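Student: Just need the structure, nothing else, for what follows:
(chains A and B)
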2 protein chains.
Amino acid sequence: MSEYQITKLNKVVRGSKRATYNIEEIHQILDDTFLCHIGYVWSDGAIVIPTAYGRDGDTIYIHGSLKNRMMTNLLEVGKASISVTHLDGLVMARSAFHHSANYRSATIFGNVRKVEDSEEKMKALQCILDHMVPGHWNNIRQPNTKEINATLVMAIKIDMASAKVRAEGVVDEKEDHELPIWSGVIPIKQVALAPISEKDLKEGISIPESVSKYVAKNKLS
Amino acid sequence: MSEYQITKLNKVVRGSKRATYNIEEIHQILDDTFLCHIGYVWSDGAIVIPTAYGRDGDTIYIHGSLKNRMMTNLLEVGKASISVTHLDGLVMARSAFHHSANYRSATIFGNVRKVEDSEEKMKALQCILDHMVPGHWNNIRQPNTKEINATLVMAIKIDMASAKVRAEGVVDEKEDHELPIWSGVIPIKQVALAPISEKDLKEGISIPESVSKYVAKNKLS
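Tutor: Next up, the predicted model:
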């Protein structure tokens, strides 16, 4: 299976030529950031909340405090919709109508399960942290029992997914190319800056390789 | 009135010391980007979609194609939830438990209205474009009647809103400060790179001031 199933729920109708259901491509979009927006239904309306996540195969892990409204609601409902978006550029056309953005955007629909097993819970927390900064879990003090018990961890198994990708230049009406109007793309990138160490670090402590690697990978190149 | 009303819907319960309902602060969070995530209810579940927006006072304008499922659904339901999030840094604690992010995040609840009046529609489209790159509307070919008619524009009047802001260093357990573990903040920033002009521009066309200003304001400083 190299694609997610397509149903009425996840089928991309508008701009379908930019759509993909390819599992590898969608996982790549998920792995290139760690911030998602989760939607849930509350009191007949939708509420959207940003949160961090990790991915392990077809499972997305999120975590929060025991009383987190978004999480307790997701558990009650049993399903979640997640959006992950990378903004890659502003597409400045000659006409207002053809202004657009370059982006990679994934929409995930999944079933929600509370992680109760303490071994899976620990594995999920490692997944979330290492998804953010790979390898950093082994550098830090891992959660103790009290902290584990104070954390709600949820597994969202990807059931359906789609992605849309725009990665090209300006598309203008043919006749507009004759206009004396500038057009082009402004690339946009989320970058990491040099880490700011805490002031009271124990003597001889330097920035670990996991952090240096993360910054090098995400710096403005 | 300097604050949005607080109800059960928008009251921040978790991490309430980081919450604000201040109108000016929330508008600033909205004005510092142009990408939001909108949630809507479809077939009993929530769906989250990224889209561009503009702000004019207490009104958020979005636009799309006439058959856009998110937009037609929002119109049917008459209310929308919008999330706008800036990721400002990774907060790397000594303990897994105290890992966090620095961010500015606004959650908006509003009533949805279809913009039918052609004058307001044009104003809304200008608002969206100028929210992205201020002043650029006057540099480009503005929409003709056919384009206006092919565009669905919606006004979302902010009814309730809240924001959460974290902008500080690491908060670790007191005893963990003695550990030989690095901790600090990795600043994260969304930056604009040098514009890439289209290759077939008419001779003598240079990058307009609106674009140069946008790039200068958003470059890595």
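Student: hmm, stretch A:182-201 in reach of chain B?
Tutor: Yes. Contact of stretch A:182-201 with chain B (CB under 8 Å from any CB of the partner chain) involves A:182-198, A:200-201. (C-beta placed from N, C-alpha, C; glycine too.)
Student: Which strand or helix spans the residue nearest to A:P180 when sequence neighbours are not counted?
Tutor: In space, and not counting its chain neighbours, A:P180 is closest to B:K202: 5.1 Å by CB to CB, 6 or more residues apart in numbering or on different chains. Per DSSP states H and E: B:K202 is located in neither a helix nor a strand.
Student: And B:K202, how far from B:G135?
Tutor: The spacing between B:K202 and B:G135, counted by CB to CB, to the nearest Å, is 21 Å.
Student: quick check: longest helix of chain A.
Tutor: For chain A, the longest helix by residue count, based on DSSP state H, is helix A:118-132.
Student: how about the helix or strand following that helix: buried residues?
Tutor: Of the helices and strands lying after helix A:118-132 in sequence (DSSP H and E), the nearest is helix A:145-149. Neighbour-count burial for helix A:145-149, counted by 16 or more other CB atoms under 10 Å in any protein chain shown, picks out A:E147, A:I148.
Student: other SSEs contacting the very next helix or strand once past helix A:145-149?
Tutor: Counting by DSSP H and E, the next helix or strand C-terminal to helix A:145-149 is strand A:151-166. Applying 3 or more CB pairs under 8 Å, 6 or more residues apart in numbering or on different chains; DSSP states H and E, one finds that strand A:151-166 contacts strand A:19-20, helix A:23-31, strand A:59-65, helix A:69-77, strand A:79-92, strand A:100-114, helix A:118-132.
Student: Give the partner strands of strand A:151-166 in its sheet and their orientations.
Tutor: strand A:19-20 (antiparallel), strand A:59-65 (antiparallel), strand A:100-114 (antiparallel) (DSSP bridges).
Student: With mean neighbour count and mean pLDDT as extra columns, can I get these in a markdown table?
Tutor: Listed next are those as a markdown table, based on neighbours: other CB atoms under 10 Å in any protein chain shown; pLDDT from 0 to 100:
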| stretch | mean neighbour count | mean pLDDT |
| --- | --- | --- |
| strand A:19-20 | 18 | 90 |
| strand A:59-65 | 21 | 95 |
| strand A:100-114 | 20 | 96 |
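Student: Export these as TSV, with columns for distance to A:N73.
Tutor: As requested, the strands paired with strand A:151-166 are arranged in TSV below (distance: least, CB to CB, whole Å):
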stretch	distance to A:N73
strand A:19-20	29
strand A:59-65	11
strand A:100-114	10
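Student: So for the helix or strand of chain A with the lowest mean pLDDT, what gets flagged as buried?
Tutor: When the helices and strands of chain A are scored by mean pLDDT, DSSP states H and E, helix A:69-77 comes last with a mean of 87. Neighbour counts over helix A:69-77 (16+ other CB under 10 Å) mark A:R69, A:M70, A:M71, A:T72, A:N73, A:L74, A:L75 as buried.
Student: Now the last one: closest residue in space, sequence neighbours ignored.
Tutor: Nearest residue to A:L75 in three dimensions, chain neighbours excluded: A:K114, at 5.6 Å (CB to CB, 6+ apart).
Student: Quick check: that neighbour touching A:M154?
Tutor: Yes. Using CB atoms under 8 Å, A:K114 is in contact with A:M154, at 5.9 Å.
Student: Give the intersection of the neighbour lists for the two.
Tutor: A:L75 (CB atoms under 8 Å, 6 or more residues apart in numbering or on different chains).
Student: returning to what we had before: list the contacts of the longest helix of chain A.
Tutor: A:31, A:34, A:52-56, A:61-63, A:115, A:136-137, A:140, A:142-143, A:148, A:151, A:153, A:155, B:90, B:96, B:99.
Student: Can you tell me which of these are buried?
Tutor: Applying 16+ other CB under 10 Å to the contacts of helix A:118-132 flags A:34, A:52-56, A:61-63, A:115, A:136-137, A:140, A:143, A:148, A:151, A:153, A:155, B:90, B:96, B:99 as buried.
Student: list the contacts for A:H99?
Tutor: Counting by CB under 8 Å, 6+ apart, A:H99 has contacts A:L90, A:V91, A:M92, A:A93, B:L129, B:M132, B:I140.
Student: Please disregard the earlier target; I meant A:A80.
Tutor: Contacts for A:A80 were tallied using CB under 8 Å, 6+ apart; they are A:I38, A:G39, A:Y40, A:L74, A:I108, A:F109, A:G110, A:N111, A:V112, A:I156, B:A46.
Student: how about A:R55, secondary structure?
Tutor: Three-state assignment for A:R55 (DSSP: H, G, I helix; E, B strand; the rest coil): strand.
Student: ok, how many other residues are close to the spatially closest residue to it that is not a sequence neighbour?
Tutor: Distance criterion CB to CB, 6+ apart; nearest residue to A:R55, sequence neighbours excluded, is A:L30 at 5.0 Å. A:L30 is flanked by 22 other residues according to other CB atoms under 10 Å in any protein chain shown.
Student: My guess is A:L30 contacts A:A106. True?
Tutor: Yes. The pair A:L30 and A:A106 passes the contact test of CB under 8 Å, sitting 6.1 Å apart.
Student: Common neighbours of these two, please.
Tutor: In contact with both A:L30 and A:A106: A:V84, using CB under 8 Å, 6+ apart.
Student: Which residue is the nearest non-sequential neighbour of A:E178?
Tutor: In space, not counting the residues next to it along the chain, A:E178 is nearest to B:K202; the distance is 7.1 Å by CB to CB, 6+ apart.
Student: per-residue pLDDT, the one you found?
Tutor: For B:K202, the pLDDT comes out at 91.
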